[in-house]
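Visitor: take a look and give me a structure for this.
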Amino acid sequence: NFSNTCIILNVTTTNGIWPSKNPLFEPIPLLIVQLAFIITITRSLYFILRPLRQPRLVTDILGGLLLGPSFFGRKAYFSKLFPVRSVTTLETVAYMALDLYIFLIGLEMDVNSIKSSSKRELNIAAAGALIPMGVGAGLFFLTARLLHLPTDPSGCLFWGLTLTVTGFPAVTWILGELKLLQTDIGRLATSIAMISDVCSWILVAVVLPIRSSPENAPAAIISTIAFSLTCIYAVRPGLEWLIRRTSKGNNNAYSDSYLCFFLIGVVICSFVTEVTGTFSIVGAFVFGIIMPDRDLGALLFERFADFVSGIMLPLFFAMCGIRTNVHKVHNWFLAGFVIILTCFCKILGTLLVSHSYHMPLQDRLALGVLMNTKGILAVVVLNLGWDKKVLHDQEYAVMVIAIVIMTGGVAPIISTMYRSSTRIIKYKGRSIQRAKQGAELRILACVHGVGNVLGTINLLELSNATKESPLCIFALHLVELRGSASAVLIVHTSSKNSAYKRVGSSPSDRIVNIFEAFENRSTGISVHPLTAMSPFITMHEDVCNLAEDKHIAFMILPFHNQAGNSNGDTTGSSPFREVNKNILANAPCSVGIFVDKGQGKSDNGRMQHVVMVFIGGPDDREALALAWRMSANPSVQLTVLRLHSRYNNNVKEEDIRYSKCIDGRQSQVDAEFVNEFRLQTAGEHNVNYYEKVVNNREETTGALREMELQKVGLYIVGREVMASAATADLLGWSECPEIGAIGDLLVYSDFIRASVLVVQHYPGDDGEVGAVSMRRSNHGLLFVDD
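Guide: A predicted model of the protein is given here:
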């Protein structure tokens, strides 16, 4: 089963392509040609299999198989493209790329989150590791006996480790592709995959020294432990000190030489663990997970991920393909039996343990399938077994095929189990108007950075949270994820219930600390801080999925530019502006875009003046419902200004292209809603109601200018209002359609200094409000009776 090839090792030199008879005889040109060919094959397979949502691991392995002796490698001309003498160069570059890729995997992992893992997650991860380990070891001896192969007992460790591995990056990528990352099953699978992946790395660090040199294994293991502790308690603090003392350039970015310093660190750590008797990838992984600065880690990932994973890493899989020869598998019946058992052992282990936690059968099956996703560590373990000659060609080929089948089948199976049409969670409280008496109002408050936090908190303080009418706030920090990493949702544990104390070094930590302080000083408010890291192009999907999963009734989004005046360029192509537009188009609940001008907080007990501008339509009714709730706050002075016109003759067809067509029934609902509001608040001294007739833009502006004389702190308006003479002239002047005609006027007028909240109601409530009975509790919350 093993073949030996003698190669004369000498110093590689090149004379250039012109003196050479054949440029392919020169090592560097040959490597470039090989690299180009490998990239072409793997990228082509990736695009062909894209409809099946296959991760790069699967397509890269398949590309390697095509290049190996299983397929094209049997042709004579392929021996010229991949001669035996080039294997040494190919392996050297491949393992260098592997070390860099493992470093990037370490950057993606937040190992601190394992500290807050639940008992359920730990038990499922343990069962998903121990049962496959035992099954893999048993299958190794069974296969060797039935095929009459010479057996090295340590080979069972490599089979067992291969089946134990769950690829955390591959799991998050698949969940992100299927829009399941922010669901309960997605977060559970992500947490378990991370635990399993870290445990697999620990097993690799222990098993490899035992197999390589049993007599020196204790020294190798102790050295690796000492190296890891040194990195955690000495290297990491040193990196923190270095990062604090390093100034960024004029473009607020680290220099290339500074980034190269960390690449040198990867090489040094890889060298240390290789010398101590473990393997170079262990050092690269440890250096990645101890990286203290998230922004620097994201920059390193963005700068090197595409080059490493897209260009260099396929060399490693090509090397695996050259080693794999499916034609040497003589007993395909036995091979099929082994592959089936390897695919189901992890599913079985996950099912057994998750059953004790009363999980639905669909979720248990899905979790088992997801845990079957293999990562690059599984391929690395197989290659190490092949290098050490404990795995024969047949055993190696069978396990490579098993990895492809297990990982390749995950996305289609999960996609079938969780189709988008069946994933929608049905709940009624998708708007403020439909809030139930005694139930908490669930709000998703999104922030882009620390600068948005205080204004958002001031807005939440006005919303009148009490013990009888509490607020459940999910504070979501939106962070751009650069590079090709999968989107990640970080659930921050409370520092009160955790031994881990935030030092406030990162923006997310500072945001969490501010929201926790807000929760501690407030009554009837619970805060759940989260951080969503995703690319701008898919950020709206993650936000909407989270809102759906958490049964959110109202979502607060910061305006894409908080300058809020006509002098600033607030209408530019900000990425967050596109995110807001996409959320408005796909939101599963009511949404408010908050333009913070720093005027939304009362000082020294002074009442805060809130003005709600009502013209008509579902959005205005939702905005009035929010203002109605605020009016129960003793520190709020509410003024409702209703604008209407005597005639609509000036409203042209093209002028209502942005506003919804409001029929007579909607106008009747508006009247009933406003009358109910006036009736319920008739005896409230802090609530005022005015009506004003306006017939053009100038009169509308004049009415708002009069309000501004009363030192308004916050305006609340609907996004899409009923087309009338009050808004007809405004539609053509709108600079930001996402905040509506009235909102645009308030934001960009020089005389308006107050903050603005633009409300869009949940479209699913269209036509329902008029069919329900509305009443108000003594807590200022509007209730509906179905």
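
Visitor: the stretch 601-750 of the chain: strands as residue ranges?
Guide: 608-614, 636-644, 687-693, 714-718 (DSSP state E, counting those that start in this stretch).

Visitor: and of those, who's closest to Pro470?
Guide: Of all those, strand 636-644 sits nearest to Pro470, with 17.8 Å by Cβ to Cβ. Where you see a C-beta, it was placed from the backbone N, CA and C, and this is true even at glycine.

Visitor: ok, that closest one: who's next to it in the sheet?
Guide: In the sheet containing strand 636-644, its partner strands are strand 608-614 (parallel), strand 687-693 (parallel), by DSSP bridges.

Visitor: which of the residues in stretch 327-344 are buried?
Guide: Residues of stretch 327-344 classed as buried under the neighbour-count rule (16 or more other Cβ atoms under 10 Å) are Val329, Leu334, Ala335, Val338, Ile339, Leu341, Thr342, Cys343, Phe344.

Visitor: export the residues you listed to CSV and tack on distance to Pro360?
Guide: Rendered in CSV, the data for those read as follows (distance: Cβ to Cβ, whole Å):
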residue, distance to Pro360
Val329, 39
Leu334, 36
Ala335, 34
Val338, 31
Ile339, 28
Leu341, 26
Thr342, 26
Cys343, 22
Phe344, 20
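
Visitor: next, give me the two most distant ones among these.
Guide: Longest span within those, Cβ to Cβ: Val329 and Phe344, 20.2 Å.

Visitor: before we move on, back to that, for Pro737, find the nearest of the strands of the stretch 601-750 of the chain.
Guide: Here strand 714-718 is closest among these (Cβ to Cβ), at 13.7 Å.

Visitor: what about the closest residue to Ile174 other than its chain neighbours, neighbour count?
Guide: Taking Cβ to Cβ, 6 or more residues apart in numbering, and ignoring the residues beside it in sequence, Ile174 has Ala411 as its nearest neighbour in space, at 5.1 Å. Neighbourhood size, Ala411 [other Cβ atoms under 10 Å]: 24.

Visitor: how near is Ala411 to Thr230?
Guide: For Ala411, the distance to Thr230 under the criterion Cβ to Cβ, to the nearest Å works out to 40 Å.

Visitor: can I get the strands paired with strand 636-644 in JSON lines with distance to Ser645 and mean neighbour count?
Guide: What follows is those, written out as JSON lines (distance: least, Cβ to Cβ, whole Å; neighbours: other Cβ atoms under 10 Å):
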{"stretch": "strand 608-614", "distance to Ser645": "13", "mean neighbour count": "25"}
{"stretch": "strand 687-693", "distance to Ser645": "6", "mean neighbour count": "15"}
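
Visitor: export the ones you listed as JSON lines, with columns for distance to Ser667.
Guide: JSON lines is the format used below for the strands paired with strand 636-644 (distance: least, Cβ to Cβ, whole Å):
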{"stretch": "strand 608-614", "distance to Ser667": "12"}
{"stretch": "strand 687-693", "distance to Ser667": "15"}
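
Visitor: as TSV, the ones you listed with mean pLDDT and distance to His551 would be great.
Guide: Rendered in TSV, the data for those read as follows (pLDDT from 0 to 100; distance: least, Cβ to Cβ, whole Å):
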stretch	mean pLDDT	distance to His551
strand 608-614	92	26
strand 687-693	91	30
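
Visitor: quick one, which of those gets closest to Val84.
Guide: strand 608-614 (79.0 Å).

Visitor: strand 714-718 and the closest one, what's the angle between them?
Guide: If you take axes from the mean of the first three to the mean of the last three Cα atoms, to 10 degrees, strand 608-614 sits at 20 degrees to strand 714-718.

Visitor: distance between strand 608-614 and the chain's centre?
Guide: 37 Å (Cα atoms, centre = their mean, to the nearest Å).

Visitor: list the contacts of that strand.
Guide: In this structure, residues lying in contact with strand 608-614 by Cβ atoms under 8 Å, 6 or more residues apart in numbering are 462, 600-602, 620, 623-624, 627, 630-631, 635-643, 674, 704, 707, 710-718, 742, 754.

Visitor: can you rerun that using 6 Å?
Guide: Counting contacts by Cβ atoms under 6 Å, 6 or more residues apart in numbering, the residues outside strand 608-614 that touch it are 602, 620, 624, 627, 630, 635-642, 707, 712-717, 742.

Visitor: would you turn the buried residues of stretch 327-344 into CSV with distance to Arg43, secondary structure and pLDDT?
Guide: Below are the buried residues of stretch 327-344 laid out as CSV (distance: Cβ to Cβ, whole Å; DSSP: H, G, I helix; E, B strand; the rest coil; pLDDT from 0 to 100):
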residue, distance to Arg43, secondary structure, pLDDT
Val329, 28, coil, 86
Leu334, 35, helix, 87
Ala335, 30, helix, 87
Val338, 31, helix, 88
Ile339, 27, helix, 88
Leu341, 33, helix, 89
Thr342, 29, helix, 87
Cys343, 28, helix, 87
Phe344, 32, helix, 89
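
Visitor: from the residues you listed, pick the one nearest Val381.
Guide: Among those, Thr342 lies closest to Val381 (Cβ to Cβ), at 13.6 Å.

Visitor: can you tell me, leaving aside adjacent residues, what's nearest to that closest one?
Guide: With Cβ to Cβ, 6+ apart as the measure, Ala402 is the residue that lies nearest to Thr342, at 4.7 Å, once sequence neighbours are left out.

Visitor: determine the number of other residues adjacent to the one you found.
Guide: Burial measure for Ala402: 24 neighbouring residues, criterion other Cβ under 10 Å.
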